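**Q** okay, here's the prediction I keep looking at, along with the sequence it came from:
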Amino acid sequence: MIYQHRCVTARGGRLEDRHAEFQRVAMAALDDHGSKLVGAWEIWVGNDAGSAIWQLREHQSLATWERHRAKAMADAALTSRQDATLYPTLDFVDTSILCLTDFSPAFPGDWPAFDAVRGKDRGFIEQRVIHMRPEQPAAHHALYRDKIMPALEREGASLIAFFDTVIGPGTTNTGSHRSIELRRFPDMAAWQRWRDVQETDPALSHLVKRAWLGAVARIDSTILRPMDYSRIR
């Protein structure tokens, strides 16, 4: 599987308009065209909070992704509705293609319908974009798998997924040095406890602030709130 990771920005109070138009115009149609929307999360804390949403779409392969794009572009009714009502609500769309690492938790083989997840508990998701120098990924991933993943289970945190970038920023001809981590917290109080324990537990503080941060070039973190139709929550 590959995953299209997309940030959609609609500033100036237009994000709510974008949410309504997307659900009315494009959400079901794109799913029907083979682009499975598995995650949709509004930025709650971080740059563009209240003005941007991250989406994650599942495709069987790069070939099926290309076929989906061609099919969607050929759908005159869909493109006409998007051009008339959806795209005018947007400022910017940024996309990359990801794949799950071999140590990431697996996703389900089948995803529920949108209506089946509405009203269910959503929690909060911390998304970390991990930037590494080209020589760092192998050592970083070993450290993450062996040391960081077990520590995440403290204070109610759970790892949803860990991706490497296939196409987009941080890629070379031979690999990826940009990774995406998604971890779930049941509520913001649990996230705060996780932050606090990094100050009170010397071993955890050293692991996170010295070993992990020392193994990367930069980490950009945002707190996301799943949309009511998000399958990953």
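**A** Happy to help now that I have it.

**Q** for stretch 217-225, the distance to its chain's centre please.
**A** In terms of CA atoms, centre = their mean, to the nearest Å, the centre of stretch 217-225 is set 10 Å apart from its chain centre.

**Q** do stretch 126-136 as well
**A** 14 Å.

**Q** bridged to Ile180, which residues?
**A** With beta bridges defined as DSSP bridges, Ile180 has these partners: Val129, Phe163.

**Q** how many other residues sit next to it?
**A** Ile180 is flanked by 21 other residues according to other CB atoms under 10 Å. In short, each C-beta sits where N, CA and C put it, glycine included.

**Q** before we move on, what about Ala189?
**A** When counting by other CB under 10 Å, one arrives at 11 neighbours for Ala189.

**Q** again with the one 4 residues further on
**A** Arg193 is surrounded by 16 other residues when neighbours are defined as other CB under 10 Å.

**Q** what's the answer for Ile167, then?
**A** 15.

**Q** residues touching the closest residue to it other than its chain neighbours, list them.
**A** In this structure, Ile167 finds its nearest non-sequential neighbour in Ile97, 3.9 Å apart by CB to CB, 6 or more residues apart in numbering. Ile97 sits next to 2-5, 62, 65, 165-168 when contact means CB atoms under 8 Å, 6 or more residues apart in numbering.

**Q** quick one: buried ones out of those?
**A** Burial by neighbour count, 16 or more other CB atoms under 10 Å: within these this picks out 2-5, 65, 165-166.

**Q** so of those residues, which ones are in strands?
**A** For the buried ones among the contacts of Ile97, the ones inside strands are 2-5, 165-166, with DSSP state E as the criterion.

**Q** which residues sit in contact with Tyr3?
**A** Contacts of Tyr3 (CB under 8 Å, 6+ apart): 38, 56-59, 97-100, 163.

**Q** ugh, typo on my part, it should be Asp94
**A** 6-7, 9.

**Q** likewise Glu58?
**A** Contact partners of Glu58, counting by CB under 8 Å, 6+ apart, are 1-3, 35-36, 38, 107, 111.

**Q** make it 10 Å
**A** By CB atoms under 10 Å, 6 or more residues apart in numbering, the residues touching Glu58 are 1-4, 34-39, 64-65, 107, 111, 231.

**Q** quick one: least confident of these?
**A** Within the set of the contacts of Glu58, pLDDT is lowest for Gly34 (71).

**Q** ok, how many other residues are close to that one?
**A** Gly34 has 17 neighbours, counted by other CB under 10 Å.

**Q** swap in His141?
**A** By other CB under 10 Å, the residues close to His141 number 20.

**Q** again with Ala113
**A** The tally of other residues near Ala113 (other CB under 10 Å) stands at 11.

**Q** can you check the pLDDT for it?
**A** So Ala113 comes in at 87 (pLDDT).

**Q** any idea how far it is from Ala217?
**A** The spacing between Ala113 and Ala217, counted by CB to CB, to the nearest Å, is 41 Å.

**Q** now Glu126
**A** In terms of CB to CB, Glu126 sits 19 Å off from Ala217.

**Q** repeat that for Ser158.
**A** Distance from Ser158 to Ala217, by CB to CB: 26 Å.

**Q** and if you look at Asp196?
**A** For Asp196, the distance to Ala217 (CB to CB) stands at 26 Å.
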